[in-house]
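S.K.: Everything below, folded, please.
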Amino acid sequence: MTSFPSDFLWGSATAAYQIEGAATEGGRTPSIWDTYSHTPGRTLNGDTGDVAADHYHRWPTDLEIMKELGLQAYRFSISWSRVQPGGRGPLNPEGVAFYRGLVEALVAAGIRPVVTLYHWDLPQELEDEGGWANRETAYAFAEYARLMARELGDAITVWTTLNEPWCSAYLGYASGVHAPGRTEPAAALAAVHHLNLAHGLAAIAIREELGEGTQLSITLNLHVIRPDDPSSAADQDAVRRIDGLANRVFLGPLLGHGYPQDVIDDAAHVSDFAFVQDGDTELIAQRLDVLGVNYYSTTRVRAFDGEGEPDQADGHGNSAATPWVGTEGQVEFVQQPGPYTAMGWNIDPSGMHDLLMRLHREHPGVPMMITENGAAFHDVVSEDGAVHDRDRTQYLHDHIDAVGRAREDGADVRGYFVWSLLDNFEWGYGYDRRFGVVRVDYDTQERTIKDSGRWYARLIASGQLPDVGAVTPVPAVP
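M.R.: Model (predicted):
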């Protein structure tokens, strides 16, 4: 049976816009996701995060659920526009008080707060000035980080600067399937750099406020990319191209190696990378105390053979424009064998092991933490009032087992955060996709711990991977 040491950190994760609601309360102003979700045709069924899981009002109930599950840590994000409306200027006391109250309650409950400063909800005013394609946004972010460090101090266990900058840059500015919905390849590459720069500047600012011992992280959705034909040199080169845009363009500068020259060369017809200024790579390469790793599925590619139109999917479903800047006419994405989650993502726990071992080999000495892993399925409430989500429980079992095997093989993985604590607003998919280990009835806001949540609680309590079997149902939480 797979087991984990007593100091392995078990938690769950959420994001502000996906769960908080209270979109116009307490001095909060619009973010790009407010604007995007209120634009007709952008989200499934026209859903928005205006109410979401109403966590803003119901967080004491959600904290009781965390305690019942035995969570040791809770990873949540701060809504920039709630604490600093417009993204500049003085902080909003009411917004800060919300997060301070949550942090204090977590600490009192023995649950470690892990903060993400940016989970995709840029204040709309900053987007109006160019968003992440504008270098000044990185400096605004650093000042926001400094002010929040001053307010929350050393109560925070880990400060995470950014969540999945790949999504912010490429899905927001290249394919347009995420806010702000732009389809400008050159702007996407500029956004990559300015997000990297924002991380470095924020890390410096936080440590200036709280000291060099402050634990700092960034969370990346690193891609596991496989060739359609492993014996094909052309398919291997397709892997190289996508790996550069997905992984190395972040890992390189963040870990002190700069931008990969092959990525710059591949994208030369899109951008000359003039947005990289002297000294930027040194600013970006701040010490990482832990690298956050998000993993859900794998990606398969091949060289485009010139026949028809290449499938330039984003790796998580097709999009109108490709996020893979500079690869047009070069790379095609291949449908992978199932099984699949409700997102249409393939289920492949071996990818988790492969990713962790690659990071261990290529970046030894960098501790890791799984900051997101989970699955959406079309859950059903049974007659007994429970959610018997065996598919999700099996998914978690197999992926956590892969984490355990990677640890046994030498990977320095120090924690795991299931995505997500609650069913929530799933971005462009609205409320149609459910990732939570706790069900939310969006009509009543009633919470029900799913079987997967009870299974996860058993894992946390024992440190050993339980079998996937019958799980004692737990009642709904009003």
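
S.K.: Contacts for stretch 407-420 next, please.
M.R.: 4, 7-14, 18, 73, 75, 114, 290, 294, 353, 356-357, 359-360, 365-374, 396, 400, 403, 406, 435-437, 456 (CB atoms under 8 Å, 6 or more residues apart in numbering). For every residue, glycine as well, the C-beta is placed using N, CA and C.

S.K.: Give me the buried entries from the residues you listed.
M.R.: Burial by neighbour count, judged by 16 or more other CB atoms under 10 Å, picks out 4, 8-14, 18, 73, 75, 114, 290, 294, 353, 356, 359-360, 366, 368-374, 396, 400, 403, 406, 435-437, 456 from the contacts of stretch 407-420.

S.K.: Distance-wise, check the residue of the chain most remote from its centre relative to Ala233.
M.R.: Residue farthest from the centre of the chain, counting by CA atoms, centre = their mean, is Glu307 at 35.2 Å. Separation of Glu307 from Ala233 (CB to CB, to the nearest Å): 19 Å.

S.K.: try Gly338
M.R.: Counting by CB to CB, the gap from Gly338 to Ala233 is 29 Å.

S.K.: With Ser77 instead?
M.R.: Separation of Ser77 from Ala233 (CB to CB) stands at 42 Å.

S.K.: Please apply the same query to Leu162.
M.R.: Counting by CB to CB, the gap from Leu162 to Ala233 is 35 Å.

S.K.: quick one, which of these two is more surrounded?
M.R.: Shown here are Leu162 and Ala233; by other CB atoms under 10 Å, Leu162 has more neighbours (26 against 10).

S.K.: Looking at the contacts of stretch 407-420, which are in helices?
M.R.: Judged by DSSP state H, the contacts of stretch 407-420 include 18, 353, 356-357, 359-360, 396, 400, 403, 406, 456 as members of helices.

S.K.: for this structure, what's the longest helix?
M.R.: The helix that spans the most residues within the chain, counting by DSSP H, is helix 185-210.

S.K.: Heading C-terminal from it, find the next helix or strand.
M.R.: For helix 185-210, the following helix or strand on the C-terminal side (DSSP states H and E) is strand 216-220.

S.K.: My understanding was that Ala179 contacts Thr35; is that so?
M.R.: Yes - look at Ala179 against Thr35 with CB atoms under 8 Å: they come within range, at 6.8 Å.

S.K.: Which of the two has more residues huddled nearby?
M.R.: With neighbours defined as other CB under 10 Å, Ala179 and Thr35 compare such that Ala179 has more, 29 against 17.

S.K.: my guess is Arg82 is in a helix, correct?
M.R.: Yes - under DSSP: H, G, I helix; E, B strand; the rest coil, Arg82 falls within a helix.

S.K.: which residues of the stretch 1-150 of the chain fall in strands?
M.R.: Along the stretch 1-150 of the chain, the stretches classed as strands by DSSP state E, counting those that start in this stretch are 9-13, 73-77, 112-118.

S.K.: can you redo the ones you listed as JSON lines with distance to Leu245 and mean pLDDT?
M.R.: Below are the strands of the stretch 1-150 of the chain laid out as JSON lines (distance: least, CB to CB, whole Å; pLDDT from 0 to 100):
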{"stretch": "strand 9-13", "distance to Leu245": "25", "mean pLDDT": "98"}
{"stretch": "strand 73-77", "distance to Leu245": "24", "mean pLDDT": "99"}
{"stretch": "strand 112-118", "distance to Leu245": "20", "mean pLDDT": "98"}
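
S.K.: Am I right that Arg300 is in contact with Arg226?
M.R.: Yes - contact criterion CB under 8 Å: Arg300 and Arg226 qualify, at 5.1 Å.

S.K.: And these two? Which one has more around it.
M.R.: Neighbour comparison, Arg300 and Arg226: the larger count goes to Arg300, with 21 against 18 (by other CB under 10 Å).

S.K.: If we ignore the residues flanking it in sequence, what's nearest that one?
M.R.: Val334 (4.4 Å; CB to CB, 6 or more residues apart in numbering).

S.K.: count of residues packed around that neighbour?
M.R.: Neighbours of Val334 under the rule other CB under 10 Å: 16.

S.K.: And for the one 10 residues further on?
M.R.: Neighbouring residues of Gly344 were enumerated by other CB under 10 Å; the total is 15.

S.K.: That one and Gly415: what is the separation?
M.R.: For Gly344, the distance to Gly415 (CB to CB) stands at 28 Å.

S.K.: so how far is stretch 12-26 off the chain centroid?
M.R.: When C-alpha coordinates are averaged (CA atoms, centre = their mean, to the nearest Å), stretch 12-26 and its chain have centres 15 Å apart.

S.K.: List the buried residues in it.
M.R.: 12-23, 26.

S.K.: Following the chain past the strand or helix carrying Val418, name the next helix or strand.
M.R.: Val418 is part of strand 413-419, with elements assigned from DSSP H and E. Of the helices and strands lying after strand 413-419 in sequence (DSSP H and E), the nearest is strand 438-440.

S.K.: Which neighbouring elements make contact with that following strand?
M.R.: strand 447-449 (3 or more CB pairs under 8 Å, 6 or more residues apart in numbering; DSSP states H and E).

S.K.: quick one: low-confidence ranges for the stretch 351-478 of the chain?
M.R.: 470-478 (pLDDT under 70).

S.K.: one more time with 50, if that's ok
M.R.: Within the stretch 351-478 of the chain, the stretches with pLDDT under 50 are 470, 472-478.

S.K.: residue contacts, Asp266?
M.R.: 241, 244, 326-327.

S.K.: try Gln330
M.R.: Gln330 makes contact with 238, 241, 303-304 under the criterion CB under 8 Å, 6+ apart.

S.K.: will you turn those into CSV that also has distance to Gly172?
M.R.: Compiled in CSV, these are given as follows (distance: CB to CB, whole Å):
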residue, distance to Gly172
Ala238, 24
Arg241, 21
Ala303, 28
Phe304, 25
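
S.K.: which of those residues sit farthest apart?
M.R.: Arg241 and Phe304 (10.8 Å; CB to CB).

S.K.: so Val293 touches His353, yeah?
M.R.: No - in this structure Val293 lies outside contact range of His353 using CB under 8 Å: 12.0 Å.

S.K.: before we move on, the earlier item: where neighbours are concerned, which of the contacts of Gln330 has the most?
M.R.: Neighbour max across the contacts of Gln330 (other CB under 10 Å) = Ala238, 26 neighbours.

S.K.: And that one, what's its pLDDT?
M.R.: On pLDDT, Ala238 comes in at 98.

S.K.: Mind listing what's buried along the helix or strand containing it?
M.R.: Per DSSP H and E, Ala238 falls inside helix 233-243. Buried residues in helix 233-243, counted by 16+ other CB under 10 Å: 235, 237-243.

S.K.: And stretch 138-148, by the same measure?
M.R.: By neighbour count with 16+ other CB under 10 Å, stretch 138-148 contains the buried residues 138-148.

S.K.: Restricted to helices, list the residues you listed.
M.R.: In helices, defined here by DSSP H, the members of the buried residues of stretch 138-148 are 138-148.

S.K.: Kindly reformat those residues as JSON lines containing pLDDT and distance to Pro30.
M.R.: What follows is these, written out as JSON lines (pLDDT from 0 to 100; distance: CB to CB, whole Å):
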{"residue": "Ala138", "pLDDT": "99", "distance to Pro30": "21"}
{"residue": "Tyr139", "pLDDT": "99", "distance to Pro30": "21"}
{"residue": "Ala140", "pLDDT": "99", "distance to Pro30": "16"}
{"residue": "Phe141", "pLDDT": "99", "distance to Pro30": "17"}
{"residue": "Ala142", "pLDDT": "99", "distance to Pro30": "22"}
{"residue": "Glu143", "pLDDT": "98", "distance to Pro30": "20"}
{"residue": "Tyr144", "pLDDT": "99", "distance to Pro30": "16"}
{"residue": "Ala145", "pLDDT": "99", "distance to Pro30": "21"}
{"residue": "Arg146", "pLDDT": "98", "distance to Pro30": "23"}
{"residue": "Leu147", "pLDDT": "98", "distance to Pro30": "20"}
{"residue": "Met148", "pLDDT": "98", "distance to Pro30": "20"}
